[in-house]
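*Asks:* just need the structure, nothing else, for what follows:
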Amino acid sequence: MMNNNLKYCREELELTQKELGNTLGVSITTISKWELGYDPITLKRLVKFCNLYNYSLDYVCGLSKNNKKYNKKIYLNSKTIGLKLKKIRNFLKLSQDKFADKCSMAQSTYSHYENGINLITSLNLYIISKTYNVSMDWLIGRK
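*Replies:* Below you'll find the predicted structure:
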């Protein structure tokens, strides 16, 4: 389960769940589930939130205690993310199977992420970041 600071960030911005829901195109119930950790926020909506309000992914997802302000917007690209995943895996000298197994995901799922076939989910991005001590912001290509 993702630890997250979404509620804290929303309150810091003085937004209600309804206001944030309207901005992200979801219901109050969905916002509540994200904040309580019942459902992970989708990566596209997480990125939209971070871009709109100048938060780092690492901070919102609880991987960092400090919000690193970025001037650069996040543009999701499954190929860019795949290249970063492959770079980490090769550095660690792990097979796709071993890398995926350590993150409790199927090798085929991981392979689709690494090869840029599918956009990684926010939860799997979080798990990989936490497992291998790598920044989510770096993994999605934000500098």
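*Asks:* use CA for all of it now, contacts and neighbours both
*Replies:* Fine.
*Asks:* tell me the secondary structure for K48?
*Replies:* With DSSP: H, G, I helix; E, B strand; the rest coil as the basis, K48 sits in helix.
*Asks:* pretty sure Y126 sits against V134.
*Replies:* No: Y126 is beyond contact range of V134, at 9.3 Å (criterion: C-alpha atoms under 8 Å).
*Asks:* looking at these two, which has the bigger crowd around it?
*Replies:* Applying other C-alpha atoms under 10 Å to Y126 and V134 shows that Y126 carries more neighbours, namely 26 against 17.
*Asks:* next one, pLDDT for the more buried one please.
*Replies:* Per-residue confidence (pLDDT) for Y126: 95.
*Asks:* what's the following helix or strand after the strand or helix carrying it?
*Replies:* Taking DSSP states H and E as the criterion, Y126 maps to helix 122-132. The C-terminal neighbour of helix 122-132 among helices and strands, as given by DSSP H and E, is helix 136-139.
*Asks:* counting contacts, what elements does that next one pack onto?
*Replies:* Secondary-structure packing of helix 136-139 (3 or more C-alpha pairs under 8 Å, 6 or more residues apart in numbering; DSSP states H and E): helix 57-60, helix 78-91, helix 122-132.
*Asks:* who touches the spatially most central residue of the chain in this structure?
*Replies:* Closest residue to the average C-alpha location of the chain: S122 at 3.9 Å, with C-alpha atoms, centre = their mean. Counting by C-alpha atoms under 8 Å, 6 or more residues apart in numbering, S122 touches P40, I41, T42, L43, L46.
*Asks:* ok, those vs I140, which is closest?
*Replies:* The shortest gap between I140 and any of these belongs to L43, at 10.2 Å (C-alpha to C-alpha).
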